[in-house]
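Engineer: Structure for this input, please:
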Amino acid sequence: MDSTNIQKMIYDLQSMNASSEEALPDDMLDSVLQRIADEPARVTSDRAGDVTAVNPAFCGMCGFSFGEIRGRKPGSLLQGSETSAESIQIIREAVVAGKDCSTPMVNYHKNGSRYDVDIQVKAICDDYGAVVGFEAEERKLS
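Structural biologist: Residues are numbered from 1 along each chain as shown. Reported below is the predicted structural model:
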């Protein structure tokens, strides 16, 4: 879902609320809309690092749809000439070791524009403690 679709979802929610007999109170609607706007970008991958899920905020941030990124490694689409080799290595080592990590990184939107993010990668473990995947949360840096 791209940012246009997110805006449409917000508009639809506002419209439904305005026309519903049981509309949400304005402060509750505002709270829901703020939560949508504040949602950090998230991408989930399997143990090998291939994308298995994304949220709308992730698609809005990078410009790629889930269909375009599913089954691929995020770095293959998002990293570019100004992406730090050190940041790439931090994430690579964490994935290989099955550990959590955090690092600032330069990524690139589908349209080629650069954006800076702070990435927090967390290992996802099964009931026995084995790492089965990772979830990365990205927040734009100012």
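
Engineer: now residue 40, nearest residue through space, not along the chain?
Structural biologist: Once flanking residues are discounted, residue 40 sits nearest to residue 137: 4.9 Å by C-beta to C-beta, 6 or more residues apart in numbering. Bear in mind the C-beta positions are built from the backbone N, C-alpha and C, glycine included.

Engineer: My guess is that neighbour contacts residue 39. True?
Structural biologist: No - Residue 137 lies out of contact with residue 39 (C-beta atoms under 8 Å); the separation is 10.0 Å.

Engineer: follow-up on the earlier one: what is the burial count for the residue nearest to residue 40?
Structural biologist: Residue 137 has 19 neighbours, counted by other C-beta atoms under 10 Å.

Engineer: So which bits of the one helix or strand it maps to are buried?
Structural biologist: Here residue 137 sits within strand 131-140, counting by DSSP states H and E. For strand 131-140, the neighbour count (16 or more other C-beta atoms under 10 Å) marks 133-138 as buried.

Engineer: What average pLDDT does it get?
Structural biologist: The average pLDDT for strand 131-140 rounds to 95.

Engineer: Give me the sheet partners of that strand and which way each runs.
Structural biologist: Partners of strand 131-140 in the sheet, by DSSP bridges, are strand 41-46 (antiparallel), strand 114-125 (antiparallel).

Engineer: Present the buried residues of strand 131-140 as a markdown table; the columns should include distance to residue 94.
Structural biologist: Formatted as a markdown table, these follow (distance: C-beta to C-beta, whole Å):
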| residue | distance to residue 94 |
| --- | --- |
| 133 | 13 |
| 134 | 8 |
| 135 | 12 |
| 136 | 10 |
| 137 | 14 |
| 138 | 15 |
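
Engineer: Between the residues you listed, which sits nearest residue 120?
Structural biologist: Comparing the buried residues of strand 131-140 against residue 120 with C-beta to C-beta places residue 137 closest, at 4.9 Å.
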